[in-house]
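**Q** Return a 3D structure for these sequence lines:
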Amino acid sequence: MAFEYLGGGWPISRRVRGAHRRSWERLASAGFWWTGVERVAIAAECRRAAALAAGESADSESGAAGLGGGRVGLPEAAVHAVQKIVVDNANLSREWVEEVCAAEGMSEERYIELLGVLVHVFSIDELHRALGIPLEPLPAALAGEPSRRRPTGARRVAGWLPITPPDALDAEDAGLYDNAPFAANVLTALSLVPDNLPWLADLSHAHYLSYAEMRETGKVREISRAQQELIASRVSVLNECFY
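**A** Prediction:
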């Protein structure tokens, strides 16, 4: 079974192990715009870019272990996008995003789903790197075709690409924001591909807080909310997060 975390010496909670396994299951499956094979290939590119940025071999055990399917079938623009987002995301621009989305084999929807894959793979891999344990091998891709469904209420609000706000959800996406009338930009940013949101919520619940817990100011985990935010702020500074 994936994510056993045996012999690493770290007490990884069942909540985290379960979220990681579910993330790998979603990664291996067809999404809205990429097949399972393509999604695993995007994940492999993420690992390759991270390893090379760290000065490691793309095939090194400590760097990009479990690369899996590689770049088979990915448009050149998708490979370029992964490299730019992983290695040089501080210098992204609206013009660059629009150019990538307009490139052969790409679209706004494909870019947002690619970004969703990167968020998961990089987040889980970074936890492994921080703990000094090997990366989990990438999953075997599952058969299936993308649904290719774009939300009918998607629109440009303030960011570079369209989002689907809570007041514009299709019937099949009801409850995407836990029925809240408002959602923060950090949530709506990936909503052009609705499946990104429950996937992100599951991982966020394991690594940080559930959306309901975010509204609580008292102690909801092993450490207090203030301690959590102090750690989160420090990590954001170290990672030069300017969101």
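
**Q** hey, where'd the helices end up in the chain?
**A** 14-28, 36-53, 76-88, 94-102, 108-131, 185-188, 196-207, 225-238 (DSSP state H).

**Q** Now do the longest one: everything it contacts.
**A** Think helix 108-131. 8, 10, 16, 20, 23, 26-27, 31-34, 39, 42-43, 46-47, 50, 78, 81-82, 85-86, 97, 100-101, 134-136, 150, 161-162, 190, 192-193, 195-196, 199-200, 203, 207 (CB atoms under 8 Å, 6 or more residues apart in numbering). Heads up, the C-betas are built off the backbone N, CA and C, glycines and all.

**Q** so can I have TSV of the helices of the chain showing distance to Asp178, mean pLDDT and mean neighbour count?
**A** Listed next are those as TSV, based on distance: least, CB to CB, whole Å; pLDDT from 0 to 100; neighbours: other CB atoms under 10 Å:
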stretch	distance to Asp178	mean pLDDT	mean neighbour count
helix 14-28	17	95	18
helix 36-53	26	95	23
helix 76-88	28	96	19
helix 94-102	28	97	15
helix 108-131	19	95	20
helix 185-188	10	85	16
helix 196-207	8	91	19
helix 225-238	19	86	12
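
**Q** quick one: which of these is nearest Glu145?
**A** The closest of the helices of the chain to Glu145 is helix 36-53. By CB to CB, the value is 9.6 Å.

**Q** Okay, angle between the closest one and helix 108-131 too, please.
**A** With axes from the mean of the first three to the mean of the last three CA atoms, to 10 degrees defining the directions, helix 36-53 sits at 50 degrees from helix 108-131.

**Q** helices or strands next to helix 36-53 in the packing?
**A** helix 14-28, helix 76-88, helix 108-131 (3 or more CB pairs under 8 Å, 6 or more residues apart in numbering; DSSP states H and E).
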